[in-house]
Structures are given as C-alpha cells and as structure tokens.
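Participant: can't give you the sequence, but here's the structure:
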C-alpha cells in the first residue's frame, strides 16, 4: 500500500493510500483506520473495506439494537428488482427496498413493502400475509386483493367511495365516548341534510324519512313524475334481473300515480329516480314515513295541521276531519311553499304517516 496523501500530526490526521490493485482508502486517526474505501469496481464503502455495491454504508444501529447494520445501494440487481437498497444486520439481509422492484420482506417477520405491477403492497409475517395494497389508479384495498365490493375486506376508491364487505361479522362500529351527540353526519353539496345522534340509550335519526324502492307498471322511467306526487300500491311485484336470473323479492310491489280520491292504497310520495347499474333498471325512490314534501294542486289551500288524503290526480288535499284513517297520507307541518311546478301545483312540508 503506497501513501498518496498524508495530512496532520503524528497523533492525528488523514491518509489516502492506494495498493497495487488500484484500491483507494481514506484513513483517519493516529493509528490510521480506514473510513472510506473505493475498490477497483468503483464501489464505495463507508465503514467497510469490501463494498459489494455502488455505495455500502456500515455502522452500529442508532436505535439501540445489537449488531452491525448496513445499507447497501445496488444497481440492476436481479435479486432485488433493480434500482434498490437493502438493509442488513451482521451480514443477514433484513429487506430490500426497490424503486422499480420489490422489497422481498423482513426476515424478522415484521413489515414488508413491495412494488408489483404498478401496485404497492404491504405485508406482515415475513411477506407471507398481504394486509393492504394501493393500486395504480389510487384505490386502496385492506384485507383483500380484488378491486371489487363483493370480496370480504375494505375498499377505498380514489374518488371518495368506501365499501366494507364482511362474510359474517359486524361491518361498521360507531362508538362515541363520554358525551351524547352526533354519530354520523349526512351532507349534500357541503350542506348538512341529516344526522344520526345518540342521547342516553336512545338513537335518533334526524332530518329524514323511511323510503323504499318501487317500479312503474311498465318498468319504464317517467321523467314527468314530480317530486311529492302521491303514489298508490299495485299487486304486481317489482322485478330485478341480474346475470339472466330474477333476484328474490318478497315485499317490494310496483306502484302507480294515485288516481282515486281518498285512496286507501296510498303508498307514499315520489322522491326521485334511482338507476340500478347491476340490474339495469329504473327504480323509484318512494318516501313512506317521516319528513317530506307533498304535492298540492293549484287552487287547493292547506293549513298547518291539516290531515291530507289523495285528491285522485297525484296530488293531496285536506281530508276534512282530524281523524287518522286508512286514507290519511300525511299531516301538514308548515304553510311554507317549498316549490311550485309548471302546472301550478306546489309542495309544502309534511310528516308522512306510515303509508
């Protein structure tokens, strides 16, 4: 080994030496100790005299663990997937981290991360158990590998959709500690529309109504159907077909616009259309019990507190007495007109009565 550069005193300093093979060592201390090595393969070692990668750093663990830890930067290594670095303890590989490849796992059975087919996957138990993956499109899967809503596990889409699927277990647990108050808040366009709250041993569903799905007799969508229109029950049952098979339906019947004055078959009032993508069907969302608006014909006057029945044309009108009957649809809760339609009919707030 020949000395190329020597600086300092007899008791301290820095030495750069090169041997006959061309390996260069940077040494420090009164008794020269190699700190940096550049070998003939142009590998650089810090804390090691025999670097096996482009850059290899070796030293004691700074977090209190026993043994010597090394960080090894490799290039195009077929074992580690290319463009990666590895962590080793006492010469045993603890895991590979790949920029374009995979981390093969932690031999201590802790945590693993892999980049596979544009996905990022998280493992435990020595890479034998995948726990979570982030797909190339941004969706996050927990406890599952299939990007769907039918396999058990959790799916969060990059657009804000969350799906929780379980075979035989509780899916969502809401536990508010210490105080009463809101458990779940519902908003539309950043405006609060309703919420579920708890008070003592009572859970309240605020700002809503019970509803059910239904269909028109011909299974077609009628865009002329106005919100608040009074609907009437039919004997025919709703039909949903998926993959050429008729789905079970024990209780949801079809409906029509109520055409009988004082109709005792009132079913509720129309809210909106709902398109079922799986069955490719246009379904009606019909409110049955709770807060809603109801349609009143032009020229018909209603007052707060009035009981309403079907007028026989899709609208409601005062019942004429204050006795709740089979024909009773709702009770008016405010004289405020929420909307007026082109035909002159208008809607007022009401409480639907178990239609």
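Facilitator: The structure has been received and is ready for your questions. It should be emphasised that the depicted structure is a prediction, and the values quoted were computed from it without experimental measurement. Residues are numbered from 1 along each chain as shown.
Participant: what comes into contact with the helix or strand encompassing residue 187?
Facilitator: Here residue 187 sits within strand 181-188, counting by DSSP states H and E. For strand 181-188, the surrounding residues in contact (C-beta atoms under 8 Å, 6 or more residues apart in numbering) are 174, 176, 192, 193, 194, 195, 196, 197, 198, 203, 207, 208. For glycine as for every other residue, the C-beta is placed from the backbone atoms N, C-alpha and C.
Participant: Put together JSON lines for the residues you listed, with secondary structure, neighbour count and distance to residue 144 on each row.
Facilitator: As requested, these are exported to JSON lines (DSSP: H, G, I helix; E, B strand; the rest coil; neighbours: other C-beta atoms under 10 Å; distance: C-beta to C-beta, whole Å):
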{"residue": "174", "secondary structure": "coil", "neighbour count": "9", "distance to residue 144": "23"}
{"residue": "176", "secondary structure": "coil", "neighbour count": "11", "distance to residue 144": "28"}
{"residue": "192", "secondary structure": "strand", "neighbour count": "12", "distance to residue 144": "33"}
{"residue": "193", "secondary structure": "strand", "neighbour count": "12", "distance to residue 144": "32"}
{"residue": "194", "secondary structure": "strand", "neighbour count": "15", "distance to residue 144": "31"}
{"residue": "195", "secondary structure": "strand", "neighbour count": "17", "distance to residue 144": "30"}
{"residue": "196", "secondary structure": "strand", "neighbour count": "16", "distance to residue 144": "27"}
{"residue": "197", "secondary structure": "strand", "neighbour count": "16", "distance to residue 144": "32"}
{"residue": "198", "secondary structure": "strand", "neighbour count": "16", "distance to residue 144": "31"}
{"residue": "203", "secondary structure": "strand", "neighbour count": "11", "distance to residue 144": "30"}
{"residue": "207", "secondary structure": "coil", "neighbour count": "13", "distance to residue 144": "34"}
{"residue": "208", "secondary structure": "coil", "neighbour count": "16", "distance to residue 144": "32"}
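Participant: Adding pLDDT, write the residues you listed out as CSV.
Facilitator: Output for the contacts of strand 181-188, formatted as CSV (pLDDT from 0 to 100):
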residue, pLDDT
174, 93
176, 95
192, 92
193, 88
194, 90
195, 93
196, 94
197, 95
198, 93
203, 93
207, 83
208, 85
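Participant: quick check, nearest of those to residue 159?
Facilitator: Nearest to residue 159 out of these is residue 193 (C-beta to C-beta; 20.6 Å).
Participant: count of neighbours near the nearest residue to the closest one once chain neighbours are set aside?
Facilitator: Leaving out its chain neighbours, the residue that sits closest to residue 193 by C-beta to C-beta, 6 or more residues apart in numbering is residue 186, at 5.3 Å. Residue 186 sits with 13 neighbouring residues when counted by other C-beta atoms under 10 Å.
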